[in-house]
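J.: only geometry, no sequence info:
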């Protein structure tokens, strides 16, 4: 995607959903928008239904945690196959109140991807038809991909990770 | 008399309302599902009324593991996603990292990668198609064609030493120059495989029993396939000509001439036929790659920060020793950035979403696994069909347990 196209898309999002965009950038030639969490559903719906942009295909949906570990985020990769444009939509919210509207009403395929995101990050997608764990066991009471759960047991004394561990 | 008849009709109506469904557990380990999948089926006789899939039986937390591993060590995790076509996953991961560090690869390496990726596409498709045969009751085709997968594995073996979980290539190229034996094996494969594939096709493609069994079995419309984020042969069978190799060419795919076969109704037969044709297209791509292969260029890019130096230099040269140490300990710096790179895997768009904070390991790595995403449409596809149709619908969707559960 070129800078031109990014400006056009920024403009048309701003026109239709005012004040939604927090940041618009082009890392590695991939249009990336950071959207305020209150407007995320409106923006996604606009991108899906707008005749010109028509991002009809949800390529990917996943969660992440911000570097300060105080916020969670959700990232959507959308694709318009006819024009072959891809766009990345990101949003973030407080880790103690991880709530965001579901995208299953826009793309039915978001169903399992949102369940996976809930499973690993504990993001509650409001309005999801069946939001429960998918890959982990139902009895699990933590959200394992959060950074507060390190991969290895921190109580171990036989192994020092001072030099090469993260 | 008339009154009595009316009463009896009413009785049957009541009976319908109080119909009981029987619950059938298909899986987790069932010989017909080719992997660990559980489906709790609500059956009305032999008709499926409702299906509830349970996934995650072989979940291995790859995304969490990847957050602790240096970039070069994540290749082994990608092997175990879609283990029927590991080299595609390996190459996809290498390309993601190369995009992040901005490495420029010689044309020759990219062509070699194309050859290996197309070979693994053939291996992937031939397993899937022959397994559709097995599930419809035709064991012969499977036994006959399966030895050709072994021949493809011989080619992998001559390149990297491994057969199934290949861990092939390195960030920046291949680990060594391909020996002459590899080229001979590829030549003999290209020469003999079309004959075998034709015989396999003769067994099934126009076979009345096979056609009756698979046509209109587990169909999906193009619109629904797109809504459910289908990719790969399953989407193309529904009539959408989306192929990552054409839409966003990687590894010099723009240099090759090939057609993207599509189906019309998205049923099991279309999926089978799309894969059949793709195998011929893949062979054509390999032939083009061999023909146009540049003589110069070596087998790796010039990225000393990531590509291990030759052993003689490590022993005799200070800089090479430093680089060797840094790479092995995973101490090389990568740029900060955010990347999405996708390749056309055996069963769809295999994507890598990578967030790098400049550390030795990815800050966040997400695998976009095609079959995890399209398997959620399975209950809808088999609703109202017979149990035996559900089995071949699943095998024709090419759902691989390793990729599904990551």
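T.: Happy to help now that I have it. Note that the coordinates shown come from a computational prediction; the quantities given were computed from them, not determined experimentally.
J.: After the longest helix along chain A, which helix or strand is next?
T.: Ranked by number of residues, the top helix in chain A under DSSP state H is helix A:3-16. Note on helix A:3-16: by DSSP states H and E, the next helix or strand toward the C-terminus is strand A:21-25.
J.: ok, residue B:202 - how many residues close by?
T.: 11 (other C-beta atoms under 10 Å in any protein chain shown). Glycine gets a C-beta too; all of them are placed from N, C-alpha and C.
J.: ok, back up a step: and the angle from the longest helix of chain A to strand A:21-25?
T.: 170 degrees (axes from the mean of the first three to the mean of the last three C-alpha atoms, to 10 degrees).
J.: buried set for helix A:3-16?
T.: Buried residues in helix A:3-16, counted by 16 or more other C-beta atoms under 10 Å in any protein chain shown: A:6, A:9, A:13.
J.: what's the answer for stretch B:35-48, then?
T.: Of all the residues in stretch B:35-48, those buried under the rule 16+ other C-beta under 10 Å are B:35-39, B:41, B:43, B:48.
J.: just the residues you listed: which has the poorest pLDDT?
T.: Among those, residue B:35 carries the lowest pLDDT, at 79.
J.: Torsion angles phi and psi at residue B:239?
T.: Main-chain dihedrals, residue B:239, degrees, to the nearest 10: phi 110, psi 10.
J.: Verify the contact between it and residue B:266 for me.
T.: Yes. The criterion here is C-beta atoms under 8 Å, and residue B:239 meets it with residue B:266 at 6.9 Å.
J.: shared neighbours of those two, anything?
T.: residue B:222 (C-beta atoms under 8 Å, 6 or more residues apart in numbering or on different chains).
J.: The two: which is more packed in?
T.: A side-by-side neighbour count of residue B:239 and residue B:266, using other C-beta under 10 Å, places residue B:266 first with 26 against 16.
J.: what sits against the closest residue to that one other than its chain neighbours?
T.: Closest residue in space to residue B:266, ignoring its immediate chain neighbours: residue B:238 at 3.3 Å, by C-beta to C-beta, 6 or more residues apart in numbering or on different chains. By C-beta under 8 Å, 6+ apart, residue B:238 lies in contact with B:220-222, B:224-225, B:230, B:263, B:265-266, B:270.
J.: Any quick PyMOL command for the buried ones out of the residues you listed?
T.: Remark: buried members of the contacts of residue B:238, expressed as a PyMOL selection using 16+ other C-beta under 10 Å:
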select buried, chain B and resi 220+222+224+225+230+263+265+266+270
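J.: Among the contacts of residue B:238, which one lies nearest to residue B:129?
T.: Nearest to residue B:129 among the contacts of residue B:238 is residue B:270, at 12.3 Å by C-beta to C-beta.
J.: distance of the closest one from chain A?
T.: Noted for residue B:270: a distance of 19 Å to chain A, by C-beta to the nearest C-beta, to the nearest Å.
J.: For the host helix or strand of that residue, list every residue counted as buried.
T.: Per DSSP H and E: residue B:270 is located in helix B:268-291. Neighbour-count burial for helix B:268-291 flags B:268-289 (criterion: 16+ other C-beta under 10 Å).
J.: pLDDT at residue B:172, what is it?
T.: Per-residue pLDDT puts residue B:172 at 90.
J.: just the one 4 residues further on next, same as before
T.: The confidence metric pLDDT takes the value 90 at residue B:176.
J.: can you check residue B:310 too?
T.: 91.
J.: How about it, nearest residue that isn't a chain neighbour?
T.: residue B:320 (7.7 Å).
J.: now for the helix ranked longest in chain B, which elements pack on it?
T.: In chain B, with assignment by DSSP H, the single longest helix is helix B:107-135. Helices and strands touching helix B:107-135, as assessed by 3 or more C-beta pairs under 8 Å, 6 or more residues apart in numbering or on different chains; DSSP states H and E, comprise helix B:86-101, helix B:139-160, helix B:180-204, helix B:268-291, helix B:387-397.
J.: so which residue of the stretch 101-250 of chain B comes closest to chain A?
T.: Residue of the stretch 101-250 of chain B nearest chain A, by C-beta to the nearest C-beta: residue B:229 (3.6 Å).
J.: a markdown table for the buried residues of helix A:3-16, including pLDDT and distance to residue B:252?
T.: Below are those laid out as a markdown table (pLDDT from 0 to 100; distance: C-beta to C-beta, whole Å):
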| residue | pLDDT | distance to residue B:252 |
| --- | --- | --- |
| A:6 | 90 | 27 |
| A:9 | 90 | 29 |
| A:13 | 91 | 35 |
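J.: If we check chain B, which of these are in contact?
T.: Checked against chain B using C-beta under 8 Å from any C-beta of the partner chain, the buried residues of helix A:3-16 give no members in range.
J.: And those, which is closest to chain B?
T.: The closest of the buried residues of helix A:3-16 to chain B turns out to be residue A:6 (C-beta to the nearest C-beta; 15.0 Å).
J.: what does the longest helix of chain A rub up against?
T.: Contacts of helix A:3-16 (C-beta under 8 Å, 6+ apart): A:20-21, A:24, A:26, A:31, A:33, A:43, A:46-47, A:50, A:52-53, A:85, A:87.
J.: Also stretch A:22-34?
T.: By C-beta under 8 Å, 6+ apart, stretch A:22-34 touches A:1, A:3, A:5-6, A:9-10, A:13, A:21, A:35-36, A:43, A:85-92, B:99-100, B:337-340.
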